[in-house]
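Participant: No sequence on hand, only this structure:
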């Protein structure tokens with residue numbers, strides 16, 4: 001994205017925070033499609049500084065006061081401004097460069113309009129359920145992004161490093177990093193979701209067709225949708241084990257709910273169930289805001305020319321280690 005595009009998105013986020021605040025606007029009738037169903041179409045912005053899990057020091061505090069929410073939002077604006085204005089910082093060769101310029105990190109500057117202290121709404125403590133014993137084993141074995149010191153092949157790097165998946169693209173969708181938009185297209189028989197991150201596309205049938213056989217596993221799972229009143233319910237199973245969503249198994253199931261609240265708000269809620277990984281299901285509520293801008297192109301080069309560089313660098317390190 002260009003500097004102008006990033007700046008426009010910051011302004012959009014700041015304005016949307018005012019609109020989303022409780023009591024700030026009168027609810028409007030949600031728009032409908034030409035065939036009479038709620039219209040879910042548009043580019044939806046899911047940035048928020050509300051954390052996925054409630055910070056432990058907040059205990060059972062489920063909601064912020066207006067003053068607390070305002071303070072957090074101002075702190076986010078101040079931090080972003082300071083990072084953007086900071087001079088260039090050199091990194092020594094071999095060091096962790098991280099994000100080479102924090103200007104491009106786009107976490108947003110607002111808490112969710114409900115002023116919740118976490119996006120997780122169930123369990124009531126706002127935190128993930130306990131892991132099972134096998135879930136703990138998988139979590140310890142999970143390779144985080146760019147954490148393998150000397151990858152022997154590309155398979156030693158995870159799916160995010162290899163640009164197969166986007167770390168906020170889902171399913172399910174959760175805020176993180178940048179490119180935090182999803183575009184929804186809708187027909188009477190299908191819903192299509194395309195995330196800005198890695199341009200992941202999901203084509204979700206709404207025509208009551210049967211699911212795929214249980215032995216067919218996909219990166220984004222096999223989804224089927226149906227309407228329950230004005231809420232679209234999408235049920236997904238058959239996730240590929242190599243996807244390894246938060247250490248989950250291929251037995252994980254996902255139920256997503258989409259409800260158009262008004263002209264500018266899409267209520268997105270989902271429940272993840274995998275009792276081989278977590279001791280109970282867990283649910284997230286993430287309101288999304290309509291973005292008047294179109295989607296921007298995203299190019300993930302770790303899976304392109306950078307992969308050669310990462311593996312070549314690892315071989316140099318191996319040779320140097322052998323000479324010592």
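Facilitator: Noted; the coordinates are in hand. Keep in mind that this is a model prediction, so the values were computed, not measured. Numbering: from 1, shown residues only.

Participant: Helices of the stretch 1-150 of the chain, start to end?
Facilitator: Residue ranges of the helices in the stretch 1-150 of the chain, as given by DSSP state H, counting those that start in this stretch, are 3-20, 66-85, 133-141.

Participant: Now do the strands in the stretch 101-250 of the chain.
Facilitator: Taking DSSP state E, counting those that start in this stretch as the criterion, the stretch 101-250 of the chain carries its strands at 120-122, 181-186, 190-195, 201-205, 222-228, 231-237.

Participant: The last one - what's its average pLDDT?
Facilitator: Averaging the model's pLDDT scores along strand 231-237 yields 98.

Participant: Name the residues of that strand that come out as buried.
Facilitator: The neighbour-count check on strand 231-237 (16 or more other C-beta atoms under 10 Å) flags 232, 234-237 as buried. C-beta coordinates here come from the backbone N, C-alpha and C atoms, glycine included.

Participant: helices or strands next to it in the packing?
Facilitator: strand 222-228, strand 253-262 (3 or more C-beta pairs under 8 Å, 6 or more residues apart in numbering; DSSP states H and E).

Participant: and these as JSON lines, adding distance to residue 84, mean neighbour count and mean pLDDT?
Facilitator: Putting the helices and strands packed on strand 231-237 into JSON lines (distance: least, C-beta to C-beta, whole Å; neighbours: other C-beta atoms under 10 Å; pLDDT from 0 to 100) gives the following:
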{"stretch": "strand 222-228", "distance to residue 84": "39", "mean neighbour count": "16", "mean pLDDT": "98"}
{"stretch": "strand 253-262", "distance to residue 84": "32", "mean neighbour count": "19", "mean pLDDT": "97"}
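
Participant: The ones you listed into CSV, with extra columns for distance to residue 141?
Facilitator: Formatted as CSV, the helices and strands packed on strand 231-237 follow (distance: least, C-beta to C-beta, whole Å):
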stretch, distance to residue 141
strand 222-228, 26
strand 253-262, 23
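
Participant: Least reliable of the helices of the stretch 1-150 of the chain by average pLDDT, please.
Facilitator: When the helices of the stretch 1-150 of the chain are compared by mean pLDDT, helix 3-20 comes last with a mean of 41.

Participant: for the record, mean pLDDT for the helix or strand harbouring residue 284?
Facilitator: Following DSSP states H and E, the helix or strand that holds residue 284 is strand 282-290. What strand 282-290 shows for mean pLDDT is 97.

Participant: buried residues in the helix or strand just after that strand?
Facilitator: Toward the C-terminus, strand 282-290 is succeeded by helix 305-323 as the next helix or strand (DSSP H and E). Residues 307, 310-311, 314 are the ones in helix 305-323 that count as buried (16+ other C-beta under 10 Å).

Participant: which strands and helices sit next to helix 305-323?
Facilitator: Of the remaining helices and strands, none touches helix 305-323 by 3+ C-beta pairs under 8 Å, 6+ apart.

Participant: so what's residue 68 up against?
Facilitator: Residues near residue 68 by C-beta atoms under 8 Å, 6 or more residues apart in numbering: residue 115.

Participant: Quick check: the gap between it and residue 76.
Facilitator: In this view, residue 68 and residue 76 are 13 Å apart by C-beta to C-beta, to the nearest Å.

Participant: cool, and residue 253?
Facilitator: 34 Å.

Participant: next one: residue 267
Facilitator: 23 Å.

Participant: again with residue 280
Facilitator: 32 Å.

Participant: do the same with residue 212
Facilitator: To residue 76, residue 212 is 42 Å away according to C-beta to C-beta.

Participant: When these two are compared, which one has more neighbours?
Facilitator: Using other C-beta atoms under 10 Å, the more surrounded residue of residue 212 and residue 76 is residue 76, with 20 against 14.

Participant: doesn't residue 107 make contact with that one?
Facilitator: Yes - with contacts counted by C-beta atoms under 8 Å, residue 76 reaches residue 107, the gap being 7.1 Å.

Participant: shared neighbours of the two, anything?
Facilitator: Here residue 76 and residue 107 share the contacting residues residue 49, scored by C-beta under 8 Å, 6+ apart.

Participant: ok so, going back, please produce JSON lines containing the strands of the stretch 101-250 of the chain, extended by distance to residue 162.
Facilitator: Formatted as JSON lines, the strands of the stretch 101-250 of the chain follow (distance: least, C-beta to C-beta, whole Å):
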{"stretch": "strand 120-122", "distance to residue 162": "28"}
{"stretch": "strand 181-186", "distance to residue 162": "22"}
{"stretch": "strand 190-195", "distance to residue 162": "17"}
{"stretch": "strand 201-205", "distance to residue 162": "18"}
{"stretch": "strand 222-228", "distance to residue 162": "22"}
{"stretch": "strand 231-237", "distance to residue 162": "22"}
